[in-house]
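In: this one's structure only:
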């Protein structure tokens, strides 16, 4: 009787021992949820309403990192301004670079816009390439596979479950991609201007042309000289659409739009950035709906 | 066996089908045979070509092997390096020679060398090299080296552990004590150009930094609770200075609570015990910070710290500061600070105060221009209180490896 009780207890503790996963951004948390299912407990550190380059390193984020078994980051320099001090303060060897629990998703992505020359004279450039690859829905497939591989390494007892979850998710996601790609076909060739080079992966995937950005250099606030040049360029090229993120000032975009009769479209950059974009699928659908209808 | 089956099938097929059909099959087979031969030929060709290019490549590598000098290249292992410089133009209503000998009665008899902005006119305060690297799977190392006219001075040089269990971390070397809010930060990260009066009085213009060891523990709680303990030599002459053996012990507890997603409270308490040449020194400290965020780039921060000291040979003294900083956007910020030494010994004055206002412009993340006005009622010059007015325009740059922002 005692033995049975003990065995039951052991079984219970096993089944309740979830893998604790921390991700830097919400879209990564959604991907981990899809692959990990009930076997993981996952939380994103960053709020999707904030600039992903400048997340406030609140001390309240430290306890979550201290007890995590796995940390999934976007990488390509996007977290360099806020994550390293938190990682140092977390005192958790399981999620430090070099451990199995440290997962840099950018390592399975073909990054765009890799700069030929790197200097801070060009503003906030990322030597690895443009880090905003989450905007291409096709990249989710790669990230899901990476997450499954890592979860299986950390929690080999549930290998089969992760494989099954991954299979189910990919089937669903590939079906979504097929219809989504078809839908996006009608926007091919559209010309836009964006605030920061935030949407390049989405635009390139669907053949939308980004002619310039409102920022004169990455990370540098708009200047009047650059804005006037931009207005001239947009008039010449007949650009009628300005893409704006949720966290920068919108004055400049509205000013340009009023000068040339263009429209400012606010696009989400992550899951949860705008209303009704709470899942991976609705996040991409929200972009399509706002941009392409 | 298989062959005979195929053969018989063929014969059967031939018997049933007409001779036309047989002819058609024959030509088809012939065509297929020709195609297979062609394909085989192409495979051979490709294989040969591949072999040839491999051989060519190898030959090129053999021929150029002497001119390759990367065998011992280690650039990929270079530590992260940042160069920090701080300079300022200062206007003050007191001449340089008299200013250098100011007193804060009961607290500072002689300021010694003033490291930041000692002169009216132009001050190149310091250059600082911040170097950090992971040593191996078990240790990280970090150094802050001050480049001064007399040479290189070790501001900090310490090793921290990477692999301790139970959310513990050990630090050893020379480092700034991590109690409170302002003491762990370097001058270029402060919101005003000088440390508050009570810190200057108790620890000197650079705060408390010493040789020693530190252990920090993140408690396994839902909210942030961190306990730290430091054992130090006690070389700081303002409060301690008896370095016969490691004589200074510091303990602190810090916690943080998010009132809402955009309102954060951070609080801490500190106790330290050390020895000065006349006996014991005990210091108790408390800090409280409230931060509200209005977006990615805008925030209001209210930061307060209090220190109380009981020093044998001197007596009981205390001071505090309170500062309010408003970050308007990525470029502009402004702030005010009130600073006071409110408890003094014997008949010494306890109305020693200082007021500061600053406005800051950051063209980009890595450079900072600051205009600051100070009204100082804490200094005695030539035996009497002298109200000091100071205006300062400072420039700080941080080039090289990206120093991430601490909270």
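Out: That came through, no problem. Keep in mind that what you see is a predicted model, and the values were worked out from it rather than measured.

In: Count residues in the vicinity of residue B:24, would you?
Out: By other Cβ atoms under 10 Å in any protein chain shown, the residues close to residue B:24 number 12. Yep, even glycine has a C-beta here, placed from its N, CA and C like the rest.

In: Could you do residue B:396 as well?
Out: Neighbours of residue B:396 (other Cβ under 10 Å): 21.

In: separation between residue B:103 and residue B:398?
Out: Applying Cβ to Cβ, to the nearest Å, the value for residue B:103 to residue B:398 is 35 Å.

In: Also residue B:328?
Out: The spacing between residue B:328 and residue B:398, counted by Cβ to Cβ, is 21 Å.

In: doesn't residue B:107 make contact with residue B:349?
Out: No: the pair residue B:349 / residue B:107 is not scored as a contact, 10.1 Å apart, by Cβ atoms under 8 Å.

In: quick one: which of these two has more around it?
Out: Counted by other Cβ under 10 Å, residue B:349 and residue B:107 do not tie: residue B:107 has more neighbours, with 22 against 14.

In: what's near enough to touch that one?
Out: Residue B:107 makes contact with B:197, B:201, B:317, B:341, B:344, B:352 under the criterion Cβ atoms under 8 Å, 6 or more residues apart in numbering or on different chains.

In: Number of residues surrounding residue B:352?
Out: Counted with other Cβ under 10 Å, residues neighbouring residue B:352 total 25.

In: on that earlier part again, who has more neighbours, residue B:328 and residue B:398?
Out: A direct count of neighbours by other Cβ under 10 Å for residue B:328 and residue B:398 places residue B:398 higher, at 20 against 15.

In: Give the bridge partners for the more buried one, please.
Out: Using DSSP bridges, the beta-bridge partners of residue B:398 come out as residue B:84.

In: Quick check: longest helix in chain B by residues?
Out: Looking across chain B with DSSP state H, the single longest helix is helix B:19-64.

In: swap that for chain A, please
Out: Across chain A, the longest stretch assigned as helix under DSSP H is helix A:159-184.

In: Which secondary structure elements does that helix sit against?
Out: Judged by 3 or more Cβ pairs under 8 Å, 6 or more residues apart in numbering or on different chains; DSSP states H and E, helix A:159-184 is in contact with helix A:26-36, helix A:139-154, helix A:280-292.

In: most neighbours per residue, which of those?
Out: Among these, ranked by average contacts under mean count of other Cβ atoms under 10 Å in any protein chain shown, first place goes to helix A:26-36 (a mean of 25).

In: what about that helix and chain B, touching?
Out: No: contact of helix A:26-36 with chain B (Cβ under 8 Å from any Cβ of the partner chain) is absent, the minimum separation being 13.5 Å.

In: Now the element after that helix, going C-ward?
Out: Remark: after helix A:26-36, the chain's next helix or strand is strand A:40-44, criterion DSSP states H and E.

In: for the record, mean pLDDT for the following helix or strand past that next one?
Out: For strand A:40-44, the succeeding helix or strand toward the C-terminus, using DSSP H and E, is helix A:62-66. For helix A:62-66, mean pLDDT rounds to 96.

In: roughly how far out does helix A:62-66 sit from the chain middle?
Out: Distance of helix A:62-66 from the chain centroid (Cα atoms, centre = their mean, to the nearest Å) equals 21 Å.

In: Which residues outside it are in contact with it?
Out: A:22, A:43, A:45, A:71, A:86-87, A:89-92, A:95, B:167, B:218, B:220-226.

In: Residue ranges in chain A under the pLDDT threshold?
Out: In the predicted model, chain A carries pLDDT under 70 at residues A:1-16.

In: Kindly state the domain boundaries assigned to it.
Out: Following automatic domain parsing, one finds the domains of chain A at A:2-178, A:184-292.

In: Turn those domains into a markdown table, columns for distance to residue B:175.
Out: Output for the domains of chain A, formatted as a markdown table (distance: least, Cβ to Cβ, whole Å):
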| stretch | distance to residue B:175 |
| --- | --- |
| domain A:2-178 | 13 |
| domain A:184-292 | 32 |
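
In: For residue B:209, which of those is the nearest?
Out: The closest of those to residue B:209 is domain A:2-178. By Cβ to Cβ, the value is 18.4 Å.

In: chain center to that closest one: distance?
Out: Per Cα atoms, centre = their mean, the centroid offset for domain A:2-178 relative to its chain is 11 Å.

In: Could you do stretch A:212-230 as well?
Out: How far stretch A:212-230 lies from its chain's middle: 24 Å, per Cα atoms, centre = their mean.

In: so, in contact with chain B or not, that stretch?
Out: Yes: counting by Cβ under 8 Å from any Cβ, contacts between stretch A:212-230 and chain B involve A:219, A:220, A:221.

In: Need the residues that contact the helix or strand in which residue B:304 is found.
Out: Assigned by DSSP H and E, residue B:304 belongs to strand B:299-311. For strand B:299-311, contacts defined as Cβ under 8 Å, 6+ apart pick out A:56, B:180-182, B:196, B:198-199, B:202, B:239, B:276, B:278, B:280-294, B:316-327, B:343.
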